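Colleague: based on what follows, work out the 3D shape:
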Amino acid sequence: MSASGAALPRYKIPVSVLVVIHTPALEVLLMERAPAPGYWQSVTGSVDREDEPLAETAVREVLEETGIDATRHRLLDWHIENRFEIYRNWRARYAPGVTHNVEHVFGLTVSGSLLVRLDPREHSAFVWLPWREAADKCFSWSNRDAILMLPAHLGVAASPPTP
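Modeller: Now for the predicted structure:
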């Protein structure tokens with residue numbers, strides 16, 4: 001609260017997670033952003049507080065965005081950090097002067113193509129795609145690159161793309 005008793009604005013913390021949800025067969029879940037048709041992505045979200053553990057953020061965001069309980073599946077921190085400039089149209093969500101975000105990448109292995117419960121304010125559709133197709137559909141370079149690393153993180157050989 002400010003000295004006048006008014007609530008101070010709550011800014012987003014520029015630390016986030018990217019969670020690539022996938023099956024053992026390398027099918028990847030993507031969701032279309034409701035406010036930006038054609039923009040497909042994996043689960044993303046910012047920490048709620050400076051001391052929130054990243055794995056806790058990942059579990060919370062997966063549940064909020066998909067209805068999937070990540071604690072019932074295999075969640076792995078890939079120990080990858082991506083630093084990128086925040087799109088100008090989203091900067092008002094952050095404190096004045098904040099221009100960059102640090103994103104931490106996780107993978108979540110689920111048993112199969114699970115049914116997903118979307119929050120219609122955030123996402124309008126979802127699809128399970130083979131990993132290469134999913135990577136090609138992502139609007140975010142960091143999301144695309146994470147999906148392309150999926151076979152290496154699972155220790156499986158990536159088959160060559162079909163012509």
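Colleague: list the helices and strands the lowest-mean-pLDDT helix or strand in the chain packs on?
Modeller: Using mean pLDDT, DSSP states H and E, the weakest-scoring helix or strand in the chain turns out to be helix 150-154, at a mean of 89. For helix 150-154, the packing partners by 3 or more CB pairs under 8 Å, 6 or more residues apart in numbering; DSSP states H and E come out as strand 100-109. For every residue, glycine as well, the C-beta is placed using N, CA and C.
Colleague: what number of residues lie near the closest residue to H123 other than its chain neighbours?
Modeller: Spatial nearest neighbour of H123, chain neighbours left out: M31 (4.0 Å); criterion: CB to CB, 6 or more residues apart in numbering. Applying other CB atoms under 10 Å, we find 23 residues neighbouring M31.
Colleague: the residue lying closest to V62 once chain neighbours are set aside: neighbouring residues, count only.
Modeller: The shortest distance from V62 to any non-neighbouring residue, by CB to CB, 6+ apart, is to A70 (4.3 Å). Residues lying near A70 (other CB under 10 Å) number 21.
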